[in-house]
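Engineer: sequence and predicted model, in that order:
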Amino acid sequence: MTAAPALTACGQAVGASRTTKQAPTRPGHKVKLVFWTWVPMQKTVDLWNRTHPDIQVDLQIIPANVLGGYQKMYSALTAGDAPDLAQVEYYELPAFMLVNGLTDLSAYGADALRGSYVPWQWNQGVFGGRVYTVPQASGPMGLFYRADLFAEWGIDVPTTWAEFEQAARVVRARGDGARLCAFAPTQPAWFAAMCWQHGARWVRTEGDTWIIDMNDDLSHEVADFWAKLIRDDLVIVEPDMSSAWYAQLQTGRIVAWVGPQWGDALLRGNAPNTSGKWRVAPLPQWKAGENASANWGGSSTAILQGSRHPREALQFAHWVNTDRQAIDLNVAAGYGWPAAADAFRG
């Protein structure tokens with residue numbers, strides 16, 4: 001369902017016009033790789049370039065995902081001048097597979113790397129038993145909130161959605177025009193995560209049949225909950241990650257965000273005068289005592305079809321997602337919750 005818009009947005013039948021082929025290397029010859037991403041990972045790439053003088057990476061920042069990044073990738077694949085590496089979100093991988101846009105990394109030894117990654121993220125890039133991408137990160141959800149304003153208004157951090165609604169009523173009563181949070185009408189991934197947390201499963205399989213059901217009772221409960229908050233003027237209806245939304249975060253008109261782990265970088269970068277005032281808590285639960293979460297987002301580092309240096313690209317893709325120093329830099333840049341299996345072990 002998500003692949004079709006990306007394919008049609010290119011305005012042509014996209015596909016890779018050349019296939020990946022390993023070029024021979026000569027002693028003393030530097031390999032140059034191009035990496036496209038929308039995450040500002042220059043510090044990470046600088047670290048690689050300092051420590052790997054024979055393989056140099058040129059980081060190029062592109063528009064995010066469906067905001068133009070994928071169209072740029074598909075066009076480059078069609079023209080035969082795609083970068084060696086690119087950030088591709090998990091949900092978009094099947095669309096790249098349909099146009100032969102990804103390199104079969106099993107041919108270059110990627111299967112041996114499986115144990116370095118969280119299994120469910122690793123499997124996002126496995127098709128037909130072959131590995132096509134290296135997992136990068138996911139987006140576990142939590143509740144970001146302004147601890148200073150919660151304390152000022154006497155609000156306890158909500159642990160259930162019922163308490164969340166009560167907190168929203170306190171903010172409306174005491175916040176001088178503020179609201180607890182915004183409801184983003186143009187963010188289907190966010191709403192899907194909310195339904196996920198409640199236990200809804202929009203896509204599942206029964207034998208060889210795919211079942212798609214977005215009209216279940218649990219999803220209706222989530223929709224009804226947020227519709228009530230909107231109807232009672234307890235939230236602002238505003239697209240998130242927009243200029244207006246960031247301005248409301250800056251001024252304290254919005255004091256919480258049900259968001260993904262990578263959202264902390266957005267708060268730091270776009271609401272700097274609130275630095276040190278935010279805290280994060282687990283998602284409110286539908287039933288007290290539960291511990292259900294959800295995920296919003298998740299990306300892989302792909303070697304696109306047509307690279308002349310797939311072995312070196314795979315080496316970089318694995319390093320950038322498992323090296324401890326690289327992970328620290330990536331998290332600070334906002335790339336998400338690491339896919340590396342031992343990212344936070346001692």
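Structural biologist: All right, it came through fine.

Engineer: going forward, measure contacts and count neighbours with C-alpha atoms only.
Structural biologist: Noted.

Engineer: can you show me the helices along the chain?
Structural biologist: Per DSSP state H, the chain carries helices over the ranges 3-9, 42-51, 69-79, 93-98, 119-122, 147-152, 161-174, 188-198, 217-231, 243-251, 263-270, 310-322, 324-333.

Engineer: output those as CSV; include the columns distance to residue 108 and mean neighbour count.
Structural biologist: CSV is the format used below for the helices of the chain (distance: least, Cα to Cα, whole Å; neighbours: other Cα atoms under 10 Å):
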stretch, distance to residue 108, mean neighbour count
helix 3-9, 27, 14
helix 42-51, 21, 15
helix 69-79, 21, 21
helix 93-98, 18, 18
helix 119-122, 16, 17
helix 147-152, 49, 15
helix 161-174, 48, 18
helix 188-198, 34, 19
helix 217-231, 43, 15
helix 243-251, 44, 17
helix 263-270, 34, 17
helix 310-322, 6, 21
helix 324-333, 23, 18
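
Engineer: mind putting these in CSV, mean pLDDT and distance to residue 132 included?
Structural biologist: As requested, the helices of the chain are exported to CSV (pLDDT from 0 to 100; distance: least, Cα to Cα, whole Å):
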stretch, mean pLDDT, distance to residue 132
helix 3-9, 38, 17
helix 42-51, 98, 22
helix 69-79, 96, 16
helix 93-98, 96, 9
helix 119-122, 96, 10
helix 147-152, 97, 43
helix 161-174, 98, 39
helix 188-198, 95, 24
helix 217-231, 98, 33
helix 243-251, 95, 36
helix 263-270, 90, 27
helix 310-322, 98, 10
helix 324-333, 94, 21
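
Engineer: and those as a markdown table, adding distance to residue 298?
Structural biologist: Converted to a markdown table, the helices of the chain look like this (distance: least, Cα to Cα, whole Å):
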| stretch | distance to residue 298 |
| --- | --- |
| helix 3-9 | 16 |
| helix 42-51 | 19 |
| helix 69-79 | 15 |
| helix 93-98 | 11 |
| helix 119-122 | 8 |
| helix 147-152 | 28 |
| helix 161-174 | 25 |
| helix 188-198 | 11 |
| helix 217-231 | 22 |
| helix 243-251 | 23 |
| helix 263-270 | 12 |
| helix 310-322 | 13 |
| helix 324-333 | 13 |
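
Engineer: so which of the ones you listed gets nearest residue 208?
Structural biologist: helix 93-98 (17.9 Å; Cα to Cα).

Engineer: same for the closest one, what does it pack against?
Structural biologist: helix 3-9 (3 or more Cα pairs under 8 Å, 6 or more residues apart in numbering; DSSP states H and E).

Engineer: residue contacts, the residue most central in space within the chain?
Structural biologist: In the chain, the C-alpha nearest the mean C-alpha coordinate belongs to residue 297, at 3.2 Å (Cα atoms, centre = their mean). The contact partners of residue 297, taken as Cα atoms under 8 Å, 6 or more residues apart in numbering, are 89-90, 138-139, 189, 260.

Engineer: rewinding a little: which of the helices of the chain sits closest to residue 32?
Structural biologist: That would be helix 310-322 among these, by Cα to Cα, at 9.2 Å.

Engineer: returning to what we had before: out of the contacts of residue 297, which one sits closest to residue 72?
Structural biologist: Checking the contacts of residue 297 against residue 72 by Cα to Cα gives residue 89 as the nearest, at 14.5 Å.

Engineer: residues near that closest one, how many?
Structural biologist: Residues near residue 89, counting by other Cα atoms under 10 Å, number 20.

Engineer: so it versus residue 34, what's the distance?
Structural biologist: 18 Å (Cα to Cα, to the nearest Å).

Engineer: that older thread, how close does the residue nearest to the centre of the chain get to residue 335?
Structural biologist: Per Cα to Cα, residue 297 is found 10 Å from residue 335.

Engineer: with residue 200 instead?
Structural biologist: From residue 200 over to residue 335 the distance is 27 Å, taken as Cα to Cα.

Engineer: who has more neighbours out of those two?
Structural biologist: residue 335 (25 against 20).

Engineer: phi, psi of that one?
Structural biologist: Torsion angles at residue 335 (phi, psi; degrees, to the nearest 10) stand at phi -90, psi 0.

Engineer: could you do residue 118 as well?
Structural biologist: Torsion angles at residue 118 (phi, psi; degrees, to the nearest 10) stand at phi -60, psi 130.

Engineer: first to last residue in stretch 327-340, what's the distance?
Structural biologist: Using Cα to Cα, the end-to-end distance of stretch 327-340 comes to 9 Å.

Engineer: give me the contacts around it.
Structural biologist: Here stretch 327-340 makes contact (Cα under 8 Å, 6+ apart) with 39-41, 43-44, 116-118, 121-122, 135-140, 261-266, 298, 320-322, 343.

Engineer: what pairs with the longest strand anywhere in the chain, parallel or antiparallel?
Structural biologist: When the chain is parsed with DSSP state E, its longest strand is strand 133-146. Strand 133-146 has the following strand partners under DSSP bridges: strand 256-260 (antiparallel), strand 278-281 (antiparallel), strand 295-303 (antiparallel), strand 337-338 (antiparallel).
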